[in-house]
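> I need the structure of the sequence given here:
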Amino acid sequence: MRREPGTGGGRSGMSGVGRRVRGDWAEGDSSMWPARRDETLLAPEWGPPGRARRVMRVVGPIMGVVWAVFLLQPWQSAWASPPGWERTVSLLAVAGLAVSFAWVVLTHAGPHGTRMETRRAALFLSGQCVLVALACLAADQDGLVGLVFVCVSAVFLLRDPRALLLAIVASVAVVVVPRLVAGWDTIDDLVVSVFLATFAVFGFTQLVLRNRQLQLARDEVAVLAVERERERIARDMHDILGHSLTVISVKAELASRMFEVDADRARAEILEVQALARSALADVRGMVTATRAVTLAGELAGARQAFDSAAIEADVPGTIEEVPDRLRELFAWAIREGTTNVLRHSAASHVRVTMTPDTLTIDDDGAGPDGDTPGNGLHGLTERARQVGARVEMSRGPLGGYRLLVTTAPDGAR
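Reported below is the predicted structural model:
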C-alpha cells in the first residue's frame, strides 16, 4: 500500500504521526509475505523490497518522533521567562515530555507495537500530565500544548476507545485552566489540535490493527490452501500409483509363474506390465499438469482386466448409463480403490461389483475386515465422496468378505 500524506498539522503534529503509522504498517505488512511468487496466491505486488523494508524500520519511527519538535513552543516560552527555579523545572519538564513521547512512538506505535497493561499505562500518562503541569510553571498557557502529546501517547498505549476520553478531559482543561489562572491567555484553538490529533491517530491505529488482522487471516488462508493442495496431491498420488503398481505386481508374478509353462503367455504378460508402467507414468504426468481424467468406463475395464490376471472371478457391470454424470468420477475412484484393496489384501476368489443410480457396492469373499484403521486410499475416497454429498461405508459383505459401499442414498433407503 502506498503511504499517503498526513491530514493534520500545527501544534499537534498529527500529520507526521499519521505518516509514521501508515508507513510502518505498510512496511510491516509487506514483510509478512513470502519472497517467492509461488508460495502464496494472495501476496500483494506493492510490497517494498527487503532493503526498503530495513530502511523503513528506521525511517518510520523517526517520522513519528520528529513531531516532538512542536514542543519547541512551550520550550521557547519557558526559556524566555525570568531565570529561576521555575524556568529550570519547566525546561526539564518539556524535555522529559519529549523523551517520553519518543519512547512511546518507538516502542508502542505501528502494527508490531504492544498494548501496555492498563495500570502501568495510567501511571505513565499521569506522569506525563505532571510534566505538562510543571512545564506551565514558566511557559504559562503554552505549556498546555503538551496535552496533545499526552493524548496521542494514550492512543498508542491503550489502543482502545478509552484513550478518547482523555482527549475530552484535555480539551476541558485547555478551555478552563487559562480562564482560572490570572495572567494567562486563552488558547481555545488548541482544542482543535487535541481532538484532531487524538481522533486521527486513533483512526489510523485501528486501521493498522484491522489490516494486521486481515493480513494474518490471509496468511492463514494461504497456508491452508497449500496444505489442502498437498493433501490432494498425496491422495491422487496414492490412488494412481497404488492401483497401477498393484496390478503391475500381480501381472509380473503371473508372468514369472507362466515363464516355464507358457513362454508366449509370459511374454504377453510382460508386455502388459510394460504398458501399465507407461500408463502409470502418463497418469503421474497428467496429475502434475492437472490434465488427467479418471473415467468410470475405463476403471471398470481396468478392474475386469486386473481381476482376470489375478484369477479372480468377477461380476462387473457392462454399462454405466444409469449412473448420473456427477457421480461417475467418484464411482471411478471407488472402483480403483476397491480393486486395489481386493488384489492387495483380501485373498478373494470372487468379486461382485454392482451399481445403481446412487450407489456403488464392491463385495468379495476374502478375509473381510480386520479391524485395522482405514488406509490413505479410503481416507482420500471419503474426502472425494464428501465433496459431492456422498458417503463411504466399509463393512462385512454378504459374500463373507469385505464390502465397500459408496452412496448418496439416505440410511435405510437401500
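
> ok, then the element right after the single longest helix found in the chain?
Secondary structure of the chain per DSSP state H: the longest helix is helix 190-258. Next along the chain after helix 190-258, taking DSSP states H and E as the criterion, comes helix 263-288.

> And the contacts of stretch 301-319?
243, 246-247, 250-251, 254, 269, 272, 300, 335-336, 338-339, 342-343, 348-355 (CB atoms under 8 Å, 6 or more residues apart in numbering). Bear in mind the C-beta positions are built from the backbone N, C-alpha and C, glycine included.

> Just the buried residues of it, please?
Buried residues in stretch 301-319, counted by 16 or more other CB atoms under 10 Å: Gly302, Ala303, Arg304, Gln305, Ala306, Phe307, Ser309, Ala310, Ile312, Ala314, Val316, Pro317.

> Next: stretch 79-89.
Residues of stretch 79-89 classed as buried: Ser81, Glu86, Arg87, Val89 (neighbour count, 16+ other CB under 10 Å).

> how about the residues you listed in TSV, adding distance to Phe156 and pLDDT?
TSV is the format used below for the buried residues of stretch 79-89 (distance: CB to CB, whole Å; pLDDT from 0 to 100):
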residue	distance to Phe156	pLDDT
Ser81	31	86
Glu86	31	89
Arg87	30	88
Val89	27	92
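
> Identify those among those that sit within strands.
Using DSSP state E, no member of those falls within strands.

> Out of the residues you listed, which comes closest to Ala98?
Here the nearest of those to Ala98, counting by CB to CB, is Val89; it sits at 15.1 Å.

> show me what contacts that closest one?
Taking CB under 8 Å, 6+ apart as the test, what Val89 contacts is Leu134, Leu137, Ala138.

> Out of those residues, the closest to Ala68 would be?
In terms of CB to CB, no member of those lies closer to Ala68 than Leu134, at 16.9 Å.

> Where does that closest one fall, secondary structure wise?
Going by DSSP H and E, Leu134 is part of helix 118-139.

> and that helix, what does it pack onto?
Applying 3 or more CB pairs under 8 Å, 6 or more residues apart in numbering; DSSP states H and E, one finds that helix 118-139 makes contact with helix 72-79, helix 85-108, helix 146-158.

> Export those helices to a markdown table and append columns for distance to Val181.
Shown next, in a markdown table, are the helices and strands packed on helix 118-139 (distance: least, CB to CB, whole Å):
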| stretch | distance to Val181 |
| --- | --- |
| helix 72-79 | 14 |
| helix 85-108 | 14 |
| helix 146-158 | 15 |
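
> Out of those, flag the one nearest Gly366.
helix 85-108 (68.5 Å).

> Checking my notes, Leu405 in a strand, right?
Yes: assignment of Leu405 by DSSP: H, G, I helix; E, B strand; the rest coil places it within a strand.

> Quick check: the gap between it and Asp283.
Between Leu405 and Asp283 the distance, using CB to CB, to the nearest Å, works out to 26 Å.

> same check, this time on Thr246
Per CB to CB, Thr246 is found 14 Å from Asp283.

> count of neighbours near Ala275?
Neighbourhood size, Ala275 [other CB atoms under 10 Å]: 12.

> Counting only strands, which of the buried residues of stretch 301-319 make the cut?
Going by DSSP E, the strands hold Ala314 from those.

> May I ask which of the buried residues of stretch 301-319 comes out lowest in pLDDT?
Lowest pLDDT within the buried residues of stretch 301-319 is found at Ser309 (77).

> Does Pro410 fall in a helix, a strand, or a coil region?
Per three-state DSSP, Pro410 ends up coil.

> Quickly note the distance from it to Val323.
Distance of Pro410 to Val323, computed by CB to CB: 18 Å.

> Then Val172?
78 Å.

> same deal with Ala385?
14 Å.

> now swap in Leu207 and tell me
For Leu207, the distance to Val323 - CB to CB - is 54 Å.

> More neighbours: which of these two?
Under the neighbour definition other CB under 10 Å, Leu207 and Val323 were set side by side, and Val323 has more, 20 against 14.

> For my notes, confirm that one occurs in a helix.
No: under three-state DSSP, Val323 falls outside any helix and is assigned coil.

> Double-check it against Glu299; I have them as touching.
No: Val323 is not in contact with Glu299 according to CB atoms under 8 Å; the separation is 11.8 Å.

> Quick one: low-confidence residue ranges for the stretch 301-414 of the chain.
Residue ranges of the stretch 301-414 of the chain with pLDDT under 70: 370-376, 411-414.

> Can you show me the strands along it?
Taking DSSP state E, counting those that start in this stretch, the strands of the stretch 301-414 of the chain run over residues 313-315, 350-355, 359-364, 391-396, 402-407.

> Could you check the pLDDT of Ala290?
Model confidence at Ala290 (pLDDT) stands at 55.

> The residue lying closest to Phe156 once chain neighbours are set aside: what's it in contact with?
Excluding the flanking residues, the one nearest Phe156 by CB to CB, 6 or more residues apart in numbering is His108, at 4.5 Å. Counting by CB under 8 Å, 6+ apart, His108 makes contact with Thr114, Arg115, Met116, Phe156, Leu157.

> Starting from Ala121, give me the distance back to His108.
Distance from His108 to Ala121, by CB to CB: 9 Å.

> Right, I'll call it a day here.
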